[in-house]
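[1] Sequence and predicted model, in that order:
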Amino acid sequence: MSERPFIDTNILVYAFIENNEARHDIAVRLIADLIGKEVFISIQVMSEIYSALSKNGIEHDAIAKYLWELDDSMNIQPIEYGTIMKCLFLKKRYAYSYWDSLILASSLETGCTVVYSEDMQHGQLIENTLMIENPFYPDNTQEA
């Protein structure tokens with residue numbers, strides 16, 4: 001089966017902000033490598049991107065432009081009642097935070113095979129179908 005990726009918020013924030021050059025470069029390279037694949041993010045990710053970028057002093061118009069670009073290049077998964085119910089099950093089963101469990105639930109709903117995130121356990125297989133991959137693992141980015 002070919003890779004069907006879901007990208008967590010932190011990867012997309014690092015791709016936008018250049019305050020950590022090593023992580024920025026890794027995030028940009030990952031996104032470039034995914035061109036041509038059916039890539040997914042969720043409404044949750046869109047909202048978290050806005051919040052994270054605004055906390056980093058990025059102006060509204062720049063953030064809005066970035067979100068429009070993501071909308072043009074990625075599939076945006078809605079959060080539905082069933083997503084939340086799946087999230088609650090995953091939270092109990094895997095002991096991740098509610099928000100990370102919601103990312104996992106959205107990833108599973110879209111049939112993704114990999115979720116790129118730095119927030120969850122690298123290499124863990126969720127529900128025998130979804131692999132967590134941390135593109136910064138092992139963390140060789142501390143020199144930057």
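    Thanks, I have the structure now. Treat the numbers as computed from the prediction; the structure is a model and nothing was measured.
[2] And the strands in the protein?
    5-7, 40-42, 75-77, 114-116, 125-126, 130-133 (DSSP state E).
[3] any chance of the ones you listed in TSV, with mean pLDDT, distance to residue 93 and mean neighbour count too?
    Where C-beta positions appear, they are placed from N, C-alpha and C, glycine not excepted. Output for the strands of the chain, formatted as TSV (pLDDT from 0 to 100; distance: least, C-beta to C-beta, whole Å; neighbours: other C-beta atoms under 10 Å):
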stretch	mean pLDDT	distance to residue 93	mean neighbour count
strand 5-7	98	18	26
strand 40-42	98	20	25
strand 75-77	96	20	16
strand 114-116	97	16	23
strand 125-126	98	9	16
strand 130-133	97	13	20
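[4] Rebuild those as JSON lines, extending it with distance to residue 107.
    Below are those laid out as JSON lines (distance: least, C-beta to C-beta, whole Å):
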{"stretch": "strand 5-7", "distance to residue 107": "4"}
{"stretch": "strand 40-42", "distance to residue 107": "7"}
{"stretch": "strand 75-77", "distance to residue 107": "8"}
{"stretch": "strand 114-116", "distance to residue 107": "5"}
{"stretch": "strand 125-126", "distance to residue 107": "8"}
{"stretch": "strand 130-133", "distance to residue 107": "5"}
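[5] Among those, which comes closest to residue 92?
    Closest to residue 92 of those is strand 125-126 (C-beta to C-beta; 13.1 Å).
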